[in-house]
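Peer 1: compute the structure for the input listed below.
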Amino acid sequence: MVKKGKSRKCELADRWGALELKLLPIDNIDIKILCVLLENARKSNTEIAEDLDLKEATVRRRIRNLVDKGIIQGFSIYLNYRLIENTVKAYIHVKVDSEAMEKVVNKVTKHKRVIALYRVTGEHDLLCVTLFVNMSELQDFIDNYLRIKGVKHVDTQIVMSAHKGVPWTGL
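Peer 2: Numbers count the residues shown, from 1 in each chain. I've put the predicted structure just below:
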């Protein structure tokens, strides 16, 4: 816990610290509130207000504004999937016929193990970020689910370990 008045290290403050905040839809107080919420989204408005030496009503109003603006899109928890299952995180690069792109995107985004799908530049057209329970599930996805008209080529990279990962996937 950070004591009142102490500065906290936060990636958001580092990210936006050198920018002219007038150009952003947030200010330093919003950034401090976001930093506290990133650290622990379960903190009450009262606790955040005490940490930042603000009034609870100010914190409540600012969080509501951040939600209304769409800056805060929800409050969540981070699970360490590796402590629960033998997680396999894979990046799957997919080359697609341009006329089949919409059909392929619609199908792939519906799969329960696809956590993100990006249109990318380079040799491939799509980058599919997946989180499977085991290798056989990954193999079934590649061998059966991605064998559809319009998919020309698939390359897969399996994450072996993370030096710096995404907290919400535990990898």
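Peer 1: tell me where this structure has strands.
Peer 2: Taking DSSP state E, the strands of the chain run over residues 88-96, 114-119, 126-132, 151-158.
Peer 1: nearest to Glu20, out of the ones you listed?
Peer 2: strand 114-119 (29.3 Å; C-beta to C-beta). Yep, even glycine has a C-beta here, placed from its N, CA and C like the rest.
Peer 1: on that earlier part again, so which of the strands of the chain gets nearest Leu21?
Peer 2: Each of the strands of the chain has some distance to Leu21 by C-beta to C-beta; the shortest is strand 114-119, at 29.0 Å.
Peer 1: lowest average confidence, helix or strand, in the chain?
Peer 2: Among the helices and strands of the chain, helix 11-16 carries the lowest confidence by mean pLDDT, DSSP states H and E, at a mean of 82.
Peer 1: show residues contacting that helix.
Peer 2: Contact partners of helix 11-16, identified using C-beta atoms under 8 Å, 6 or more residues apart in numbering, comprise Leu24, Ile26, Ile31, Lys32, Leu34, Cys35, Leu38.
Peer 1: out of those residues, who's nearest Arg119?
Peer 2: Out of the contacts of helix 11-16, the one with the shortest distance to Arg119 is Leu24. That distance is 26.2 Å, counting by C-beta to C-beta.
Peer 1: from Arg64, how far off is the closest one?
Peer 2: As defined by C-beta to C-beta, to the nearest Å, Leu24 lies at a distance of 18 Å from Arg64.
Peer 1: same check on Glu50?
Peer 2: Remark: distance between Glu50 and Arg64 (C-beta to C-beta) = 19 Å.
Peer 1: export the strands of the chain to JSON lines and tack on mean neighbour count, mean pLDDT and distance to Ser76?
Peer 2: Supplementary listing: the strands of the chain in JSON lines, determined by neighbours: other C-beta atoms under 10 Å; pLDDT from 0 to 100; distance: least, C-beta to C-beta, whole Å:
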{"stretch": "strand 88-96", "mean neighbour count": "19", "mean pLDDT": "96", "distance to Ser76": "18"}
{"stretch": "strand 114-119", "mean neighbour count": "14", "mean pLDDT": "96", "distance to Ser76": "13"}
{"stretch": "strand 126-132", "mean neighbour count": "21", "mean pLDDT": "95", "distance to Ser76": "15"}
{"stretch": "strand 151-158", "mean neighbour count": "14", "mean pLDDT": "97", "distance to Ser76": "25"}
